[in-house]
Structures are given as structure tokens and as C-alpha cells.
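# okay, predicted coordinates and the sequence, questions at the end:
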Amino acid sequence: MTPQEAIQKLKARMSASIIGQDELVERLILVLLADGNMLLEGLPGLAKTRAIKSLAKELDCGLSRIQFTPDLLPSDVTGTEIYQPELEEKFVFQQGPIFSNLILADEINRAPAKVQSALLEAMEERQVSVAGKTYKMDPLFMVMATQNPVEQEGTYPLPEAQMDRFLMHVVISYPDDASELAILRLNRNEQSAGGQVEAKEKLSPDAIFSARKEIAQVKIAENMEKYIVDIISATRFPEKYSKELDSWIDFGASPRGSIALDRASRAHAWMNGNEFVTPDNIRAVVHDCLRHRLILSYEANADGITADQVLDEVLKAVAVVG
């Protein structure tokens with residue numbers, strides 16, 4: 001089985017379990033293939049937790065779920081040194097839940113900044129430093145953090161520095177009526193069977209690593225690279241494009257934004273069977289890669305202008321050259 005076939009099979013299996021959220025399934029697999037992390041925003045009950053559990057069920061890998069609460073400590077995430085006097089080395093590091101393959105950081109905005117920052121090093125450098133020692137993460141590692149968009153009481157908004165470390169910020173909404181009916185029936189069948197059925201044949205992590213190697217070979221032409229750079233530039237210097245954009249954007253995307261667009265567009269092209277990146281591949285991932293990297297002005301917020309609307313205007317203003 002080729003890596004392409006293995007990933008398509010994984011996607012089909014997950015879609016059968018996560019009904020009405022095909023985009024979520026696609027984005028989750030895309031972020032894993034692009035070796036990134038994902039921030040998922042949606043109302044309660046929209047299969048956010050179920051999605052990452054379904055991915056772990058289909059993959060032969062570990063899953064850790066960290067429920068973020070106001071009283072959580074950084075050591076509850078990273079782990080801590082335990083004093084054991086009977087051993088030659090008196091202090092032994094006990095790994096925290098971050099040492100797994102797939103990490104579900106549930107309701108990440110319910111914990112204070114010092115706990116949120118405990119994820120930063122693991123997300124960016126794929127390592128954790130405790131008491132002067134550095135511990136490497138597994139090669140297959142992804143954080144999927146969730147947050148509820150409507151609850152404000154008792155929450156701690158993620159700082160821009162941490163938001164920037166997520167490859168994608170995905171927003172999901174309610175399923176349609178047909179999907180809702182299918183969800184009812186699926187839930188009833190799972191109750192009869194005593195829960196979700198365990199996958200008979202799990203996908204080896206080697207298939208993910210093989211897919212990543214193929215994605216690295218996906219070609220991106222110079223004019224496509226220029227298109228990515230022009231999109232990022234339009235968020236930084238909006239006055240060059242229109243007064244309206246200039247009045248909406250205070251700060252544009254960082255270089256991590258262009259890197260995210262490059263990695264995500266190549267993964268998107270590969271998942272759709274293309275050997276090279278097209279403008280459609282770039283446009284397909286722009287909103288998820290950049291919506292959390294823009295800081296909008298007071299005027300934009302007062303007028304109810306969203307980051308997605310700003311990005312729509314950016315795409316209209318920026319042309320593909322060549």
C-alpha cells in the first residue's frame with residue numbers, strides 16, 4: 001500500500017466516525033502530515049475531542065488528554081523530578097502527559113499563561129527542559145488544542161506568541177440536518193455495541209513518515225513562492241493595497257505565517273494527488289494558516305470585521321504573477 005493510499009484510507013475511516021465534519025478530518029490529517037500543531041475552535045459537542053481520539057484509534061500511537069483548568073501547574077504538563085533516596089541518582093524525572101504522540105490540550109484557554117507556556121518548547125523545538133536537562137519528544141508528535149469561542153468567564157486568552165506556534169487555527173460549526181440524523185444513528189449503534197469499535201488494523205506511524213518524505217518532494221514554482229510572500233506582505237503593508245485593508249490591520253503575519261503556508265499548501269497538494277503546488281492549494285489553506293496571526297485594529301473590531309473577511313480582501317487584492 002502506498003503512503004497516498006494509506007492516508008486516503010485513514011481519512012475515509014475517520015470520516016465514517018466523525019460525521020458532518022469532513023473539513024476537520026482533512027485538516028487534522030494535513031497538520032499531522034505537515035508536522036505541525038493545530039488550534040481547534042468550536043462550540044461544545046462538535047466532535048473536537050472525538051476527532052483526535054479517532055485519529056489515535058486508527059494510528060498505532062499514543063494519545064494523552066490534558067484537561068486545562070485554572071489550578072493546573074506547568075509540571076502537570078511537562079512532568080517533574082521525584083526524590084528517590086534509595087537510588088544512586090536521588091532525583092528521577094517522571095514524564096508528564098506531554099510525552100506522547102498525539103496531545104489533546106482540552107480547553108487550553110482555561111489555564112493561566114504559565115501553564116500555556118509549558119507547551120511552547122514542546123510545540124516548537126520538540127523537546128522539554130526540566131531542571132537543566134533536556135528531554136526529546138517522539139518523532140511523531142502533534143498538539144491539538146481546543147477552545148470554546150463563546151465562553152469568556154474564567155478564561156485566559158492565548159498570547160500572540162503562542163498562537164503563532166500553531167500551524168493552523170481551524171474553526172468548525174454545526175453539521176447539516178442530514179449529518180445530524182446520521183450522528184443520531186451512529187451514536188445509537190455505538191451504545192448498542194458498548195462504545196466505539198476499536199480499529200482492527202491500525203496504521204503504522206511509518207506511513208506518516210513516508211508521506212512526509214513524499215510531501216517534501218512536492219514542487220513549488222518560484223511564482224507560487226512569490227504568491228505566498230505577496231499574501232504575507234499584504235498583511236504587513238496593507239496601505240499598498242487599499243485604505244480599507246490599512247484601517248483593518250494593526251499587525252500582519254510573522255515569517256512563521258509564510259512557512260505555514262508553504263508547508264500546508266504542499267501537504268494539501270499531495271493529499272489531492274498533485275506533484276506541484278497550485279494557487280488553489282495556497283488559497284485553500286490561507287484562512288486556517290493566517291486567521292490567528294493577524295492583529296486587527298480597533299476600527300475593525302468595532303465594525304465587526306473578522307480575520308476571515310480581511311483575508312478574503314487580501315486574496316482579492318493579491319494577484320498571481322507569472
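Right, received. Where do you want to start? These figures come from a predicted structure and were not determined experimentally.

# helices or strands next to the helix or strand that contains Ala234 in the packing?
Secondary structure assignment for Ala234, by DSSP states H and E: helix 222-236. Counting contacts by 3 or more C-beta pairs under 8 Å, 6 or more residues apart in numbering; DSSP states H and E, helix 222-236 packs against helix 255-271, helix 279-290, helix 307-317. Any C-beta I mention is one placed from the backbone N, CA and C, and that applies to glycine too.

# you'd agree Thr134 is in a strand?
Yes: assessed by DSSP: H, G, I helix; E, B strand; the rest coil, Thr134 belongs to a strand.

# okay, and the beta partners of it?
For Thr134, the beta-bridge partners under DSSP bridges are Ser129.

# now do it: how many residues are near it, please.
Thr134 has 10 neighbouring residues, counting by other C-beta atoms under 10 Å.

# next, work out how far apart it and Leu119 are.
The spacing between Thr134 and Leu119, counted by C-beta to C-beta, to the nearest Å, is 16 Å.

# gap between His292 and Leu203?
29 Å.

# neighbour count: the two, which is higher?
Ranked by neighbour count (other C-beta under 10 Å), His292 and Leu203 place His292 first, with 24 against 19.

# could you identify the helix or strand that succeeds the one helix or strand Gln191 maps to?
Assigned by DSSP H and E, Gln191 falls within helix 177-193. Next helix or strand after helix 177-193 toward the C-terminus (DSSP H and E): helix 205-216.

# now that next one - C-alpha only, CSV.
C-alpha atoms of helix 205-216 as CSV (Å, rounded to 0.1, in the frame of the first residue of the first chain):
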residue,chain,number,x,y,z
PRO,A,205,3.5,5.7,12.1
ASP,A,206,5.9,4.7,9.3
ALA,A,207,3.2,5.5,6.8
ILE,A,208,3.1,9.1,8.2
PHE,A,209,6.9,9.4,7.9
SER,A,210,6.8,8.0,4.3
ALA,A,211,4.1,10.5,3.4
ARG,A,212,6.1,13.4,4.9
LYS,A,213,9.1,12.4,2.7
GLU,A,214,6.9,12.4,-0.4
ILE,A,215,5.4,15.8,0.6
ALA,A,216,8.9,17.2,0.9
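
# quick check: angle from that helix to helix 255-271?
Inter-element angle recorded for helix 205-216 and helix 255-271: 110 degrees (by axes from the mean of the first three to the mean of the last three C-alpha atoms, to 10 degrees).

# what's around Ile282, how many residues?
Neighbours of Ile282 (other C-beta under 10 Å): 24.

# oops, could you answer that again for Gln21 instead?
Neighbours of Gln21 (other C-beta under 10 Å): 25.

# right, and it touches Leu40 too?
No: with contact defined as C-beta atoms under 8 Å, Gln21 does not reach Leu40; the gap is 10.3 Å.

# find residues that contact each of these two.
Ala51, Ile172 (C-beta atoms under 8 Å, 6 or more residues apart in numbering).

# which ones are touching Leu311?
So Leu311 contacts Val286, His287, Leu290, Arg291, Leu294 (C-beta under 8 Å, 6+ apart).

# quick one: the second one from Thr134, how far?
Right, the one you point to is His287. For His287, the distance to Thr134 - C-beta to C-beta - is 36 Å.

# cool, and the fourth one?
Separation of Arg291 from Thr134 (C-beta to C-beta) stands at 33 Å.

# same check, this time on the first one
Going from Val286 to Thr134 by C-beta to C-beta gives 35 Å.

# any idea how many residues pack against the nearest residue to Ser210 once chain neighbours are set aside?
Distance criterion C-beta to C-beta, 6 or more residues apart in numbering; nearest residue to Ser210, sequence neighbours excluded, is Pro3 at 4.3 Å. If you count neighbours by other C-beta under 10 Å, Pro3 ends up with 19.

# Provide a list of residues in contact with Pro3.
Ala207, Ser210, Ala211, Glu214.

# start and end of stretch 293-300, how far apart?
In stretch 293-300, first residue to last residue: 15 Å (C-alpha to C-alpha, to the nearest Å).

# quick one: mean pLDDT over it.
Averaged across stretch 293-300, pLDDT comes to 93.

# picking up where we left off before, quick check, nearest of the contacts of Pro3 to Val25?
Ala211 (15.6 Å; C-beta to C-beta).
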